[in-house]
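# build me a model from this:
(chains A and B)
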Amino acid sequence: DGGITQSPKYLFRKEGQNVTLSCEQNLNHDAMYWYRQDPGQGLRLIYYSQIVNDFQKGDIAEGYSVSREKKESFPLTVTSAQKNPTAFYLCASSIGGRAHNEQFFGPGTRLTVL
Amino acid sequence: AQSVTQLDSQVPVFEEAPVELRCNYSSSVSVYLFWYVQYPNQGLQLLLKYLSGSTLVKGINGFEAEFNKSQTSFHLRKPSVHISDTAEYFCAGGLQGAQKLVFGQGTRLTINP
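Predicted coordinates:
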């Protein structure tokens, strides 16, 4: 089955530690996205990538970093510089990196920083 | 800058009643509009989308939405809801030529028996 996988589903970390969230897709999509979801705030774009080895900052990139070394993978690192990292993180992909392309979402990772 | 506003954070309705979830966008240029549904602790799933053409768009699970350019709205409707429709619904929009979507704040739909 084609789709997007995110792991782990739940993640706990101590304050001050960096943590990397995994996102893999086997849909052969060029574009991938990372969103952060907080209650009552909808989805906010962290980073996006339209092609391998290229990515752009979204609306709330501070304290986060990404890489896109392979087409199918787009890991997100939440660094210790992120002031409020506890949230639900969603990865998505689309066949092209334009607004009219449907985005397909993974199941999400809930990160809790203690 | 483009924005998408969902006017209701929560909407409670009784089972088999009709429902309308409201979405307004701000843009003076062509936009693409989407409705997504999120069940608890899951990712988002596309319900329907408006790219161009007919302003009445039909989606999955009996939902439909109407694009109204004069009122800059894209409200989601279902004539008769079921318990299984309990979820959070997100409206999203993107400008023609843009690389990203803007999401509304979400509307939590609660179905009471």
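
# please count neighbours and contacts with C-alpha atoms only from this point.
Will do.

# quick one: residues contacting the residue nearest to residue B:9 when sequence neighbours are not counted.
Distances taken as Cα to Cα, 6 or more residues apart in numbering or on different chains place residue B:107 nearest to residue B:9, at 4.5 Å, with adjacent residues excluded. For residue B:107, the contacting residues are B:6, B:8, B:9, B:10, B:11, B:21, B:88, B:89, B:90, by Cα atoms under 8 Å, 6 or more residues apart in numbering or on different chains.

# just how off-centre is stretch B:102-113 within its chain?
9 Å (Cα atoms, centre = their mean, to the nearest Å).

# just the CA trace of that stretch, in CSV.
Presented in CSV, the C-alpha positions along stretch B:102-113 are these (Å, rounded to 0.1, in the frame of the first residue of the first chain):
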residue,chain,number,x,y,z
VAL,B,102,-2.9,28.2,4.5
PHE,B,103,-5.1,26.3,6.9
GLY,B,104,-8.0,27.6,9.0
GLN,B,105,-8.1,27.1,12.8
GLY,B,106,-10.4,24.0,12.5
THR,B,107,-14.0,23.3,13.5
ARG,B,108,-14.7,20.4,15.9
LEU,B,109,-18.0,18.7,14.9
THR,B,110,-19.7,16.8,17.7
ILE,B,111,-22.7,14.6,16.9
ASN,B,112,-25.1,14.0,19.7
PRO,B,113,-27.4,10.9,19.6
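
# buried set for that stretch?
B:102, B:103, B:104, B:105, B:106, B:107, B:108, B:109, B:110, B:111 (16 or more other Cα atoms under 10 Å in any protein chain shown).

# would you reformat those residues as TSV and include secondary structure and pLDDT?
Below are the buried residues of stretch B:102-113 laid out as TSV (DSSP: H, G, I helix; E, B strand; the rest coil; pLDDT from 0 to 100):
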residue	secondary structure	pLDDT
B:102	strand	92
B:103	strand	93
B:104	coil	94
B:105	coil	94
B:106	coil	95
B:107	strand	97
B:108	strand	96
B:109	strand	97
B:110	strand	96
B:111	strand	96
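
# tell me the two of these that are most distant?
Farthest apart among those by Cα to Cα are B:102 and B:111. That separation is 27.0 Å.

# do I have it right that residue B:77 meets residue B:19?
Yes - counting by Cα atoms under 8 Å, residue B:19 is a contact partner of residue B:77 at 5.6 Å.

# what's the neighbour count on residue A:54?
When counting by other Cα atoms under 10 Å in any protein chain shown, one arrives at 12 neighbours for residue A:54.

# how about the nearest residue to it, chain neighbours excluded?
residue A:68 (6.6 Å).

# up against chain A, what does chain B have?
B:9, B:32, B:41-46, B:51, B:90, B:93-106 (Cα under 8 Å from any Cα of the partner chain).

# show me which of those are buried.
For these, buried by 16+ other Cα under 10 Å: B:9, B:32, B:42-46, B:51, B:90, B:93-95, B:99-106.

# let's see which of the residues you listed end up in strands.
Among those, DSSP state E puts B:32, B:44, B:45, B:46, B:90, B:93, B:94, B:95, B:102, B:103 in strands.

# would you confirm that the second one contacts residue A:108?
No - counting by Cα under 8 Å, residue A:108 is not a contact partner of residue B:44; they are 9.2 Å apart.

# low-scoring pLDDT stretches of chain A, where are they?
Scanning chain A for pLDDT under 70 picks out A:1.

# center of it - which residue?
The centroid of chain A falls nearest to residue A:34 when counting by Cα atoms, centre = their mean (2.8 Å).

# so what's residue B:44 scoring on pLDDT?
At residue B:44, the model reports a pLDDT of 94.
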